[in-house]
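Participant: structure for the following, please:
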Amino acid sequence: MPLSMARNVDLFTLECFDMLLRERSVSRAALRMDMSQSSMSDVLARLRDRFADPLLVRTREGMVPTERAQALWPQVREGIERLQSILEKATDFEPAKATERFRLTATDYAQLLLLPALVELLRQQAPACSTEMVTVNLRAVELALEAGEIDLAIAYYPEPPAALRRGPLFADHYVGLVRQDHPATRQSLTAEEFAALPHVSVSPSGLSYFASVVDSALEALGLERRVVVRCPHFLIGCQLVAQSDLVLALPSRAAQAVTRTLPVRVVEIPLPLKPVDVSMYWHERCHHSRAHQWLRNTVRAILAPQPPEG
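Facilitator: Next up is the predicted model:
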């Protein structure tokens, strides 16, 4: 960021500029920054004065950035990252005193495994910190991490994005889930019998590779399952299974968690299925952040495989 731009502009003001251009709305930017709308309007007025430009102008489609604002935006992002890096290197991260809001994205399956333990751990170790689960299409995770819209993504990618840092968490395998008194629980299923059952197929964010774990194994045997319902959320699929004759293929750790709250049972899928490797992903700009390192270590501690009991 040029020195002339930095004069009389602090980190908070730059973050407001960034949020205003992301949201293209004073009210939404204020909400995201935990400010009043009038305070954000004051910041926008100061920015307009500082850069001698309206920055955001109202149109029939809503507020849009000016050419000057679009040109400044990459420099503002660079300035934010440099200042954050300087501040983080100057002080260690102390969870008990920290006030960070950690923004993560994950499938509902990963949220089910992570959030209960994470909320409790934050209460104990970092009571002033908070977590926000952000909905991001998994195709857009790389861009969201690069832009700073999220801090960490927890996902399964058959081909992980090469530009992101990656930390493996655990390997899982698919099992079948049916209601407790489903006929499929009375005997072992053959591949043909499994394929013939009415299925609910889950593809988070519309990504077909989640469903293809099962479909590819069936195709290799010349079989195709009978899909009755398709949806993007594992937990909705579990609710459907509990109230019907549907069967759902899902990762085993999620299935075991669901059996504690719903009247459902786990059945083995009679197919050779590829494992699901779940990892966390983050951008290089966060790699050396003490707060981010603490977050990654915390997520790893919660989701890392546990030794068998007994």
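Participant: run through who's touching stretch 272-286.
Facilitator: If you take CB atoms under 8 Å, 6 or more residues apart in numbering as the criterion, stretch 272-286 is touched by 81, 110, 141, 145-146, 148, 151-157, 160-161, 164-174, 213-214, 216-217, 251, 292, 296, 299-300, 303. (Each C-beta comes from the backbone N, C-alpha and C, glycine too.)
Participant: please repeat the previous calculation with a cut-off of 7 Å.
Facilitator: Outside stretch 272-286, the residues within contact range by CB atoms under 7 Å, 6 or more residues apart in numbering are 81, 110, 141, 145-146, 151-156, 160-161, 164-174, 213-214, 217, 251, 292, 296, 299.
Participant: excluding its backbone neighbours, what's nearest Ser244?
Facilitator: Nearest residue to Ser244 in three dimensions, chain neighbours excluded: Arg179, at 7.1 Å (CB to CB, 6 or more residues apart in numbering).
Participant: report the separation between that neighbour and Val247.
Facilitator: Taking CB to CB, to the nearest Å as the measure, Arg179 falls 9 Å from Val247.
Participant: next one: Val229
Facilitator: 11 Å.
Participant: list the contacts for the residue nearest the centre of the chain?
Facilitator: What sits nearest the mean C-alpha location of the chain, by CA atoms, centre = their mean, is Thr105, with 1.0 Å. Taking CB under 7 Å, 6+ apart, we find Thr105 in contact with Met133, Val134, Val136, Val141, Ile150, Ala153.
Participant: buried members of those into PyMOL, please.
Facilitator: Of these, the buried ones can be selected in PyMOL as follows, counting by 16 or more other CB atoms under 10 Å:
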select buried, resi 133+136+141+150+153
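Participant: any chance of the contacts of Thr105 in JSON lines, plus pLDDT and secondary structure?
Facilitator: Listed next are the contacts of Thr105 as JSON lines, based on pLDDT from 0 to 100; DSSP: H, G, I helix; E, B strand; the rest coil:
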{"residue": "Met133", "pLDDT": "93", "secondary structure": "strand"}
{"residue": "Val134", "pLDDT": "90", "secondary structure": "coil"}
{"residue": "Val136", "pLDDT": "83", "secondary structure": "coil"}
{"residue": "Val141", "pLDDT": "87", "secondary structure": "helix"}
{"residue": "Ile150", "pLDDT": "92", "secondary structure": "coil"}
{"residue": "Ala153", "pLDDT": "94", "secondary structure": "strand"}
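Participant: and the two most separated of the contacts of Thr105?
Facilitator: Met133 and Val141 (13.4 Å; CB to CB).
Participant: my guess is Ala195 meets Leu221, correct?
Facilitator: No: counting by CB atoms under 7 Å, Ala195 does not reach Leu221; the two are 8.4 Å apart.
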